[in-house]
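1. Just need the structure, nothing else, for what follows:
(chains A, B, C, D and E, ligands or ions: 5)
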Amino acid sequence: MQFFFEVLIGGLLSGVMYSLVAIGFVLIYKASGVFNFAQGAMVLFAALTFVSILAKGVPFWLALLLTLAVMVMLGLAIERVVLRKLVNQPPISLFMATIGLSFFLEGFGQALWGTEVHGLDLGITDEPVGWLLDDYNLSISKFDLFAAGTAGVLVTALALFFNRTRIGRALRAVADDHQAALSIGIPLQHVWAIVWSVAGLVALVAGLLWGSRLGVQFALTLVVLKALPVLILGGFESIPGAIVGGLIVGAGEKLAEVYIGPFIGGGIENWFPYVLALAFLLVRPEGLFGERHIERV
Amino acid sequence: MGQAIGDVLLKVDNISLSFGGVKALTNISLDVRAHEILSIIGPNGAGKSSMLNVINGVYHPQQGSITYKGKTRALMRPHEAARQGIARTFQNIALFKGMSVLDNIMTGRNLKMRSSFLSQALYWGSAQREEIAHRLKVEEIIDFLEIQPIRKTPVGRLPYGLQKRVELGRALAAEPEMLLLDEPMAGMNVEEKQDMCRFILDVNDEFGTTIVLIEHDMGVVMDISHRVVVLDYGKKIGDGPPDKVRNDPAVIAAYLGTTH
Amino acid sequence: MGIAENPYLLSVNNIEVIYNHVILVLKGVSFDVHEGSIVALLGANGAGKTTTLKAISNLLKAERGEVTKGSIEFKGERVDVMTPAQLVGRGVIQVMEGRHCFPHLTVEENLLTGAYTNKAGRAAIAQDLDKVYAYFPRLKERRKSLAGYTSGGEQQMTAIGRALMARPRMILLDEPSMGLAPQIVEEIFGIVKDLNQRERVSFLLAEQNTMVALRYAHYGYILENGRVVMDGDAAALAANEDVKEFYLGLAGEGRKSFKDVKHYRRRKRWLA
Amino acid sequence: MIYREAGQFKTSYQADSAIFPIVQDRYALWCVMLVAFIAVPLWASEYLIGSILIPFLILSLAALGLNILTGYAGLLSLGSAAFMAVGAFAAYNFMLRVPGMPLLAAFMLAGLVAALVGMVFGLPSLRIKGFYLAVATLAAQFFIEWALTKFGWFSNYSSSGVISAPKMQVFGMPIETPQMRYLLTLTVVVVLTVAAKNMIRASTGRAWMAVRDMDVAAEVIGIPILRTKLLAFAVSSFYCGVAGALWAFVFLGTVEPQAFDLRRSFEILFMIIIGGMGTVLGSFLGAAFIVLLPILLNVMAGWLHGAVSSQLLSNIEYMVFGALIMAFLIVEPLGLAQLWRIAKEKLRLWPFPH
Amino acid sequence: AGEQFIPMPSYRIGPYAAGGTGVYGGFIDYLNYINLKEGGVGGVKLTYEECETEYKVDRGVECYDRLKGKGPTGASMFNFLSTGITYAVLERAAQDKIPIVSIGYGRTDASDGRVFPWVFPLLTNYWSQSTTKIKFIGQREGGMDKLKGKKIANLYHGSAYGKETIPVLEAQAKKYGFELINIEVPAPGNEQQSQWLQIRQLKPDWVILRGWGVMSAAAIKAAAKVGFPRDKMVGVWWAGAEDDVVPAGGVAKGYIAAAFAPSGANYPVVQDIKRVVYEAGKGNMQDSNRVGHANYNRGVVHGILNVEAIRVAQTKFGKKPLTGEQVRWGLEHLKIDDKRLKELGAVGLVPPLATSCLDHEGAGMVRFQQWDGTRWIPITDWIASDKALVRPMIEASAAAYAKEKGITPRDCSKEN
Ligand SMILES: Nc1ncnc2c1ncn2[C@@H]1O[C@H](COP(=O)(O)OP(=O)(O)OP(=O)(O)O)[C@@H](O)[C@H]1O
Ligand SMILES: Nc1ncnc2c1ncn2[C@@H]1O[C@H](COP(=O)(O)OP(=O)(O)OP(=O)(O)O)[C@@H](O)[C@H]1O
Ligand SMILES: CC(C)C[C@H](N)C(=O)O
Ligand SMILES: [Mg+2]
Ligand SMILES: [Mg+2]
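-> Numbers count the residues shown, from 1 in each chain, chains lettered A, B, ... in the order given. Ligands and ions are numbered 1, 2, ... in the order given. Below is the predicted model of the structure:
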């Protein structure tokens, strides 16, 4: 039983790590109806920028600030150079543009900062919480708890920002119909610039946490694969959905790997979350908290 | 008039339909007779479009029954309705945007096409013959609707009015027995409305197609329908020949305002 | 009334519009809207009315359309350098053809998005909302429904109401009457007149319902095939024989029944 | 005014529904075919044939398959590489386990197996739409990759998981030289492309497009939605399957499941978006863009050899590639095929501006 | 006189760029070093051209075709640093008569030179290396007999590469009586929570890490998280570079990995490269701090073996640009003993080796090194593989291949 809880809690906590990446997707999807393929590249780019600035001897907080500034500038540049020209185009075209963007960022980041792999130490050890381990023999990582806390704060802040300000409503309007949003004076360019900057911030947070776990290296872009089922399960438009989806995916895949895996040969974590998400979708085709697809004639 | 108005072709009985708290239709009964032109009128949100959606199975009423060609059922299914000869156009144009006018109208005939997809892949024998036979039929419709010059244009580029015409063409391609038209003349000027009326009358006249029409232009409704049904807030408040309906005080109060 | 002496609010000078680099739609269109006037833009399907309005509101770019010649000025300022949002900021708003509500927002949220540029504060916005509900009681009943699930007419009302929420100085109305029940059409034009007279809002309206449009407009232009073929005071246009026949459906004495239209008709004189 | 259709009158609907109704297009196509079937094998270098044209053709075929599903039937798929894998491993096992199995028959059967698998994963498409549907196909992607690695039977218990193609022959002709391999690929691709064109212009294709553009309306017209979607999945997977078999047998000669990973699926998706969704030509143009451009950039980078550090150069290649994708989309969001169409339209009007 | 062309199908972008830039950097530096110091090999200047493969098989094949004909005599030999590409060009290379050198990876049964005359998995193949890991563990436990009853977990990458050593480990488990637990990590391996919870549950004595890319660092991190001692983890050489442990940070201290070319900048040859190449400003590494790192040294070893093969071949064919076929002879007659290693300044960096028609592996030896938190420290001398176990398996596999492909193996007694 103790092992079960360990797996369950561990799973829930790693799920939160997936959510951190998924939130970045949600933001951009909410604001433009576009699936941002470049989110992984942004995570890499942010982390790479941060460690490289740090390596130049800049103090931690200043480096964080500088990186944030870089991400905001990146968001502005993306809006200006790419998105602005693609208003009102089919989502698939915008999707493709983000693919181009991801190639560009991957090349740019590594051209700028090099290909070597960096370690990143945030000062929080990835070790079990002592008293839990001693008293209950439960191995729960401090780092995971920290990550969960960070994700919680991020989600709350974003949810407040988007639900309490008129920007939130404007975002949903933009995602529904670019042209109509333009027609009533929603400045699409500002909205997009803001959202991409915030997505850059989220990428930075995800990049720091994942980077300190995996090291800052190209493989950071691959964490996206873990975020996709989360996104689908939670619903593309919902920030809380990203969290709940993450918890379900995290717990589900770990339990499955440990308890089902041995019977079919193990290593099922790659496809299991997708099958899980698929099962959910058959019941709710728009994910847990996603918007209903309106189809009328 | 070409064909005399016949027996009841479609009968809806005591239909109720609601969405969450919104009652779109409440206890509606009405019948449609073969070869007639029946108009449904009523204020916005009265449930007119919903009625059409119930008839051809897009909406499933919570209560009531539908009798079509003598067969009674609780609800219709869209493809079944199509197979039984019910075709329609939509209030918000529902053309296939990525396809040309010709292809859109050709899809109207898909139901009648038989060749297997393998023979289509080879484009050999029956597939080719069938394609050409149906194309001939579609060209007749194109001629009838006077849209020859735009045959190959993608429908997304067409002005609104022409799109409505193409949609009518697609419905006609199925050679329906019953045609449901949802505001076919919205957004048209008088001249274009005249054209549309002519098409509707001709179809009714030559092929004896039964027509159920939703329209807000009272001039059109009163001129071309045999019978008018009035809905208000999901209830039926009037049913009869145009002249009777036009002077019905309840209808005037709810919808017409002044007599037209 | 002397509207013709008012200064120009909007002037469109000889514009040409091309879609997708190849499709030439407007072939030199010019007209003016005086401050405080209602101008009707009439014409058959595909004449270019919508294109003209979008050229003004700068929504054309989003459709890969481009004004390749001529100029558009609003209060003497060139419009082509402005974004649609800036134009809305200057009081020009367009109600797009074909409703274009935000389907996943409720009716009320749709209306509130219209107030995005309105800096007047919450109370003022609430007041405006009440005003719109007073114009369209039907919307008040349906305010909690997702716009995507409302009827065609309800969506049209939402779209118009949404534009009013921006407190515009000039409204570009594209086919406002489409899909609306007759008494609502009258009401909408009543609102137009009301706003025009009381708040001096100017209107440029593209409308197929010529009869109603000419009843309320001061001045009208008729567009055919991307060109202005006729213009004049509304009353004068309404009296024109051709307009009577082709746009009002009146032939000689009174209205001709839709049942009796001939299969072969006389072609428009100016097209011959 | 070289390119125009004036004066070309069609006297039958058959002529009008031909694949290329305009004469100049037909001539151009015949020229391309002549070059492809005769000039290339005679004169092109082995490098061009063996490592540029063959993979280009095979990926075009896969892109065509995906285009049928995504471009024509509107069903987004991120699992096309998995279906290629199914095709490759199915062909391998047919050749291995059925004595005397003819190569082309093995390819066909491999395609059919892939089609079957595709249909299974296509079932959820009735309920799940858009980007959400991508999940079903991602499940296919990861599950198939996993299964092929997991169960040794598929690779005949090869210790490295890599399968390698047997000696190939078609109608008694050995397929060994790059030229022969090229001609085999070309023939398969041309035949399947013509078949695709035929399906698309017939009722099947119209049903797909109708479902894509508005499935509620399609249903009202009487198009059976599920059957249409499943057929799209089947045909698409068939094409991908055959492409996978060609990839394993004719191009590489060996293959492992990882060759058909998610990256490959994305690559194929990029091809159809860049090339143009819902156009056959787009599949080829897109494949050319995605396959050839990086190679071209790499060759060009080679000229700078020594001047710039090779690491920087590789990264710049990537950046340029990404930037070009974005640039093309900004110029024409509907893809290269649309760009081509517009160019033709301009040419038709030329020398008059409009 | 003349130029000897060595193609460089490198990968400097993508998930594995860190390895690619290090190895090809060291490789290219060594070639330049020979050119600068000796004016080439026997007066023949070494030239190269890079081609970006992105570690993709199809791009690799394209690079092969693009580069195979360059230089006056064509490509001398190909080093792809990718098993997948090596497989894909196997038959082409035999046809084109160009040797494929795969140091430490590639097709294991190609060690049997009778069936695979054109392929050279030099130094060690995967199976040999796997046996040395068990030998190493035995050493640590104080004798192979102490392995009895021990539990060894094999944590492997969820790919064919990862699974490849399972049969060998199973054979050894039987032979030595230890319990083998196979645990798969789904690719790419950035999440290993459940695997390590299982390990915590099962409490193995040792964990063999058959990692690749990001999986290795993630494994070390996860081990720390569940408190599994890092000095009981033995990685494959692909999991034994700085780039594999640095990302794990401090917790990687104590982790052990195999190496056919250990890390360290103190080998005379590396020092010499620094002096000759870098001081002349001709270094290939963007970051010269990485000179002497594991990946870099692997590249230097590639350079040494490639150059030695050419040198040997020149003794037979003369000091002129050689064809691939001639270089192949050199590869098959490599004899690098301690004396030669000393001359090369590579004692301890490269194991002594001798290739032959029968044996294309040549050595089969690896060393083990341990991460001390900042550097890799060699902790063993060269450990030989269990040839008696591996060789028959190789021959069986090669024979099966020969049968499938209809190849008649060479008769090595007739070769000179
Ligand atoms: N799918 C649906 N979900 C929720 N409510 C719906 C749905 N369809 C229709 N309604 C509601 O039912 C009522 C009737 O709608 P319907 O579309 O039938 O009206 P209508 O008479 O066609 O009006 P109009 O003339 O404006 O088109 C409306 O209030 C509408 O909001
Ligand atoms: N996005 C577009 N791309 C290409 N052509 C277009 C586009 N939008 C409109 N057109 C073409 O421009 C012409 C004018 O269209 P417009 O919509 O301006 O006409 P309209 O007068 O508003 O007609 P309606 O009364 O039907 O609304 C039409 O022929 C139409 O086909
Ligand atoms: C706007 C909607 C009420 C239109 C409806 N979908 C129809 O039947 O045409
Ligand atoms: Mg309606
Ligand atoms: Mg219009």
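2. so what's A:Ile9 closest to, chain neighbours aside?
-> Closest residue in space to A:Ile9, ignoring its immediate chain neighbours: A:Ile140 at 5.7 Å, by CB to CB, 6 or more residues apart in numbering or on different chains. Every C-beta, even on glycine, is put in place using the N, C-alpha and C of the backbone.
3. which phi and psi does the one you found have?
-> Main-chain dihedrals, A:Ile140, degrees, to the nearest 10: phi -120, psi 120.
4. Let me know the pLDDT of it.
-> You'll see A:Ile140 listed with a pLDDT of 80.
5. Please apply the same query to C:Gly28.
-> Here the pLDDT value assigned to C:Gly28 is 91.
6. So it: helix, strand or coil?
-> Put simply, C:Gly28 is strand when judged by DSSP: H, G, I helix; E, B strand; the rest coil.
7. number of nearby residues for it?
-> Using other CB atoms under 10 Å in any protein chain shown, C:Gly28 has 13 other residues around it.
8. Was I right to think it contacts C:Thr52?
-> No - the pair C:Gly28 and C:Thr52 does not pass the contact test of CB atoms under 8 Å, sitting 11.7 Å apart.
9. Give the residues shared as contacts by these two.
-> Common contacts of C:Gly28 and C:Thr52 (CB atoms under 8 Å, 6 or more residues apart in numbering or on different chains): C:Ile15.
10. residue contacts, residue 114?
-> Picking chain A for this. A:Ser52, D:Gln311, E:Gln286, E:Asp287.
11. wait, I meant chain B there
-> Contact partners of B:Arg114, counting by CB under 8 Å, 6+ apart, are B:Ser126, B:Glu130.
12. Surely it is within a helix?
-> No - counting by three-state DSSP, B:Arg114 is not found in a helix; it is coil.
13. mind checking how far it is from D:Ile223?
-> Distance from B:Arg114 to D:Ile223, counting by CB to CB, to the nearest Å: 14 Å.
14. before we move on, what about D:Ser283?
-> Going from D:Ser283 to D:Ile223 by CB to CB gives 24 Å.
15. And the two? Which one has more around it.
-> Shown here are D:Ser283 and D:Ile223; by other CB under 10 Å, D:Ser283 has more neighbours (31 against 23).
16. Correct me if wrong: that one contacts D:Leu64.
-> Yes - counting by CB under 8 Å, D:Ser283 touches D:Leu64, with 4.2 Å between them.
17. Report the buried residues of stretch C:79-86.
-> Buried residues in stretch C:79-86, counting neighbours by 16 or more other CB atoms under 10 Å in any protein chain shown, are found at C:Val79, C:Asp80, C:Met82, C:Thr83, C:Pro84, C:Ala85, C:Gln86.
18. For the residue nearest to A:Ile9, which residues are in contact?
-> A:Ile140 makes contacts with A:Glu6, A:Ile9, A:Gly10, A:Leu13, A:Pro128, A:Val129, A:Leu132, A:Leu133, as judged by CB under 8 Å, 6+ apart.
19. let's see 6 Å
-> The neighbours of A:Ile140, taking CB atoms under 6 Å, 6 or more residues apart in numbering or on different chains as the test, are A:Ile9, A:Val129, A:Leu132.
20. Now narrow these to whatever sits close to ligand 3.
-> Here nothing survives when the contacts of A:Ile140 are matched to ligand 3 using CB under 6 Å from any ligand atom.
21. Now the buried members of those.
-> Buried subset of the contacts of A:Ile140 (neighbour count, 16+ other CB under 10 Å): A:Ile9, A:Leu132.
22. From the contacts of A:Ile140, pick the one nearest A:Leu160.
-> Nearest to A:Leu160 out of these is A:Ile9 (CB to CB; 27.6 Å).
23. Need the per-residue pLDDT for the closest one.
-> A:Ile9 is given a pLDDT of 89.
24. and if you look at E:Asn416?
-> 65.
25. okay, now the residue of the stretch 101-250 of chain D found nearest chain B: neighbour count?
-> The minimum distance from the stretch 101-250 of chain D to chain B, using CB to the nearest CB, falls at D:Gly222 (3.0 Å). Residues near D:Gly222, counting by other CB under 10 Å, number 24.
26. tell me the contacts of residue 104?
-> The chain I'm using is chain A. If you count contacts by CB under 6 Å, 6+ apart, A:Phe104 has them with D:Met319, D:Gly322, D:Ala323.
27. Oops, wrong one, chain E.
-> For E:Gly104, the contact set (CB under 6 Å, 6+ apart) comprises E:Leu123, E:Thr124, E:Trp237, E:Phe260.
28. ok, those vs ligand 5, which is closest?
-> Distance to ligand 5 across the contacts of E:Gly104 (CB to the ion) is lowest for E:Trp237, with 69.7 Å.
29. Not counting sequence-adjacent ones, nearest residue to the closest one?
-> Closest to E:Trp237 by CB to CB, 6+ apart is E:Ala258, at 4.8 Å.
30. What pLDDT is listed against the closest residue to ligand 5 within the stretch 151-260 of chain B?
-> Minimum separation of the stretch 151-260 of chain B from ligand 5 (CB to the ion) falls at B:Tyr160, amounting to 5.8 Å. pLDDT, B:Tyr160: 81.
31. bridging residues for the residue nearest to D:Ser155 when sequence neighbours are not counted?
-> In space, and not counting its chain neighbours, D:Ser155 is closest to D:Ile163: 5.0 Å by CB to CB, 6+ apart. Beta-bridge pairing for D:Ile163 (DSSP bridges): D:Val255.
32. D:Ile163: what's it in contact with?
-> Going by CB under 6 Å, 6+ apart, D:Ile163 touches D:Tyr92, D:Ser155, D:Val255.
33. Flag every buried residue along stretch A:148-156.
-> For stretch A:148-156, burial by neighbour count (16+ other CB under 10 Å) applies to A:Ala148, A:Thr150, A:Ala151, A:Leu154, A:Val155.
34. helix or strand for the second one, which one?
-> Taking DSSP states H and E as the definition, one finds A:Thr150 inside helix A:142-164.
35. From the contact counts, what lies against that helix?
-> Helices and strands touching helix A:142-164, by 3 or more CB pairs under 6 Å, 6 or more residues apart in numbering or on different chains; DSSP states H and E, are helix A:2-32, helix A:239-259.
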